[in-house]
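Student: Sequence first, predicted model second:
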Amino acid sequence: MRSDCILGIDLGTSSVKAMLLDAEAGVIGVGARGYEVSIPQAGHAEQQPEVWWDAVCSALGSLKEAYPGSFAAIRAVGLSGQMHGLVLMGENGGPLCPAIVWLDQRSTQECRMVEERGGKEGWDAVLQNRVNPGFAFPSLLWVKRHKPDLYGKIHKVLQPKDYIRYRLTGEMAAEATDASAALMFDLKHRNWAFRVTDAFDIARGILPECHEPADVAGTVTHRAHEETGLAAGIPVVYGAGDQPCQSIGNGVYEEGRMICNIGTGGQISVYSGEDRYDRQMRTNTFCHCHEKGYTVFGAVLCAGMAFQWLKNKVLHEESFAALSRKAGETERGSGGVFFLPYLAGERTPHMNPSARGMFFGLQMCHEDRHLIRAVLEGVTYALNDSLDILEEMGIGGKCMIASGGAAASPVWLQIQADVFGKEIFVSSVKEQACLGACILAGVGTGLFRDVAEPCRRFVRYEERTYVPDAAAVQEYRERRRIFRALYEKNKELFSYL
């Protein structure tokens, strides 16, 4: 007799991934489809919601073809997705324009407006985060200021994965994790911060009703059945942002362990059962999808994307593996070359959209391999700034779980161990956000008793771990001082650019 299966969909920045999970045996398979971020002009970053949906349908089609029996046994659907983005929906049920995604930097002036007014009104304890470009709230304010006709047509504001749920169920709604990352949300009360949005004359009606991640949002409609192949009537839970879903998929649903995720962006994150936030607003605190807890993390905007930039636009290489191999053939410290990975501005700890990337220390003796390793080390130095702040807040951990694309590079994993000074564990399941989405769907529909049960059964770590080398830890500690000084001595120049 076939076990019940669960579908988890993770809408990423560069691709969508869909996982089939057997509720008894574990992961069956993953389907994926890629897409691009559109940069129509400097500082703008957009994606077409219809492209997302087409990619979802294609990924599900590949799963159905490869695992027809398991696909027919799907009993629940869960969702995860890139956070902070803004999808503007019209009254006819279609998107009014391309979605503004988290890499977007156009709303710098709107962020200043919010910060200035927030300082007077005392919003820090409500929002618990600094408002930065790329987040839904300042993006919405930008639309209101610069495209008032478009703003007037808005029926509802959604986050990216909420759009996919709408296409599956026909229901427009929000849930606490993604809504808290829009930065117009009251974290303590897990609802929209109307005190803040009212101050900017944001119509309350365009903010959809907010729910909890594991609650059932609706069922697959007949139209969605025709487009995806999913049986009509399958329950769909609200889901969560990719950060808390990755947390669950890595088995981090209680305090004491940390995650280093290096995908397009990068984060050092922890789970907190209590509401904690950095009073200097250098990190982010958002609602978690487990036990009404919180995810606290520092974020780097260009992590894996910096490596991809070097590969595609500078070295014109085809293989990530070849670049990683060259990095492994290069001495620690990259021959004295440093790289600041601030190619799209930066968040933690600088919260500076004007920050810029740079190579420093170049000499005639340097080759491509030095640049490659400098990028890996520079991204890791930047992430270590987040680690330092979390440990200052008293919410660190003894071990680090590596996830994202960088977890496929043994060289980068050892760099992380040596820079962080922590033993690095690697999850055996490579699509942790998908697994987290599956687990939420199973909990919400009663297939699992709680989050802990499937985490104990399905989350596994590779046998090999990466242990810090004492000499390397000391050497990298010295090099991080130079890395930090490069930003401090150049930050005034960045603003001129």
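Tutor: Structure received. Residues are numbered from 1 along each chain as shown.
Student: show me where the stretch 351-497 of the chain has strands.
Tutor: Listed in chain order, the strands of the stretch 351-497 of the chain (DSSP state E, counting those that start in this stretch) span 358-360, 399-403, 423-426.
Student: where in the stretch 51-200 of the chain is pLDDT low?
Tutor: Across the stretch 51-200 of the chain, nothing is flagged by pLDDT under 70.
Student: picking that back up, so which of the strands of the stretch 351-497 of the chain is the most packed in?
Tutor: strand 399-403 (a mean of 23; mean count of other CB atoms under 10 Å). In this view, the C-beta of every residue, glycine as well, is placed from N, C-alpha and C.
Student: Please tell me how far it is from the chain's geometric centre.
Tutor: Remark: strand 399-403 is offset 16 Å from the chain centroid, using CA atoms, centre = their mean, to the nearest Å.
Student: neighbouring strands for that strand, and are they parallel or not?
Tutor: Paired neighbours of strand 399-403 in the sheet (DSSP bridges): strand 257-262 (parallel), strand 423-426 (parallel).
Student: Format those as CSV; extra columns: mean pLDDT and distance to V101.
Tutor: Formatted as CSV, these follow (pLDDT from 0 to 100; distance: least, CB to CB, whole Å):
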stretch, mean pLDDT, distance to V101
strand 257-262, 94, 17
strand 423-426, 96, 28
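Student: So which bits of the top helix by length along the chain are buried?
Tutor: For the chain, the helix with the greatest residue count under DSSP state H is helix 470-496. Within helix 470-496, the residues scored as buried using 16 or more other CB atoms under 10 Å are A472, Y476, R479, R480, F483, L486, Y487, F494.
Student: Could you do stretch 458-466 as well?
Tutor: F458, V459, Y461, Y466.
Student: for the residues you listed, which one is nearest R347?
Tutor: Closest approach to R347 among those (CB to CB): Y466, at 25.6 Å.
Student: Isn't the closest one up against V411?
Tutor: No: counting by CB atoms under 8 Å, Y466 does not reach V411; the two are 10.1 Å apart.
Student: ok, back up a step: closest one to L371 among the strands paired with strand 399-403?
Tutor: Here strand 257-262 is closest among the strands paired with strand 399-403 (CB to CB), at 18.0 Å.
Student: ok, back up a step: for the strands of the stretch 351-497 of the chain, could you give me a markdown table that also reports distance to S70?
Tutor: Output for the strands of the stretch 351-497 of the chain, formatted as a markdown table (distance: least, CB to CB, whole Å):
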| stretch | distance to S70 |
| --- | --- |
| strand 358-360 | 48 |
| strand 399-403 | 25 |
| strand 423-426 | 26 |
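Student: Can you tell me which of those is nearest to A417?
Tutor: Closest of the strands of the stretch 351-497 of the chain to A417 is strand 423-426, at 4.6 Å (criterion: CB to CB).
Student: any residues touching that closest one, and which ones?
Tutor: 260, 398-403, 407, 413-414, 416-417, 461-462, 464-468 (CB atoms under 8 Å, 6 or more residues apart in numbering).
Student: repeat that for 10 Å
Tutor: The contact list for strand 423-426 (CB atoms under 10 Å, 6 or more residues apart in numbering) reads 250-251, 257, 259-260, 398-403, 407-408, 410, 412-418, 461-468.
Student: Just those: which are in helices?
Tutor: Mapping the contacts of strand 423-426 onto helices (DSSP H) picks out P410, W412, L413, Q414, I415, Q416, A417, D418.
Student: Could you name the residue of the protein that is farthest from its center?
Tutor: M364 (38.3 Å; CA atoms, centre = their mean).
Student: Over to it: give its phi and psi.
Tutor: phi -60, psi -20 (degrees, to the nearest 10).
Student: if I look at it, how far off is T330?
Tutor: The spacing between M364 and T330, counted by CB to CB, to the nearest Å, is 17 Å.
Student: can you check R460 too?
Tutor: Per CB to CB, R460 is found 32 Å from T330.
Student: Same check on A25?
Tutor: A25 is 42 Å from T330, by CB to CB.
Student: same thing with W52?
Tutor: Distance from W52 to T330, by CB to CB: 38 Å.
Student: can you dump the C-alpha coordinates of stretch 461-470 into CSV?
Tutor: Only the C-alpha atoms of stretch 461-470 are listed here, as CSV (Å, rounded to 0.1, in the frame of the first residue of the first chain):
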residue,chain,number,x,y,z
TYR,A,461,23.9,15.2,8.2
GLU,A,462,26.8,14.0,6.1
GLU,A,463,29.3,11.9,7.9
ARG,A,464,32.2,14.2,7.1
THR,A,465,32.4,17.5,9.1
TYR,A,466,34.7,20.4,8.7
VAL,A,467,36.8,21.2,11.7
PRO,A,468,38.6,24.5,12.2
ASP,A,469,42.3,24.5,12.0
ALA,A,470,43.8,26.5,14.9
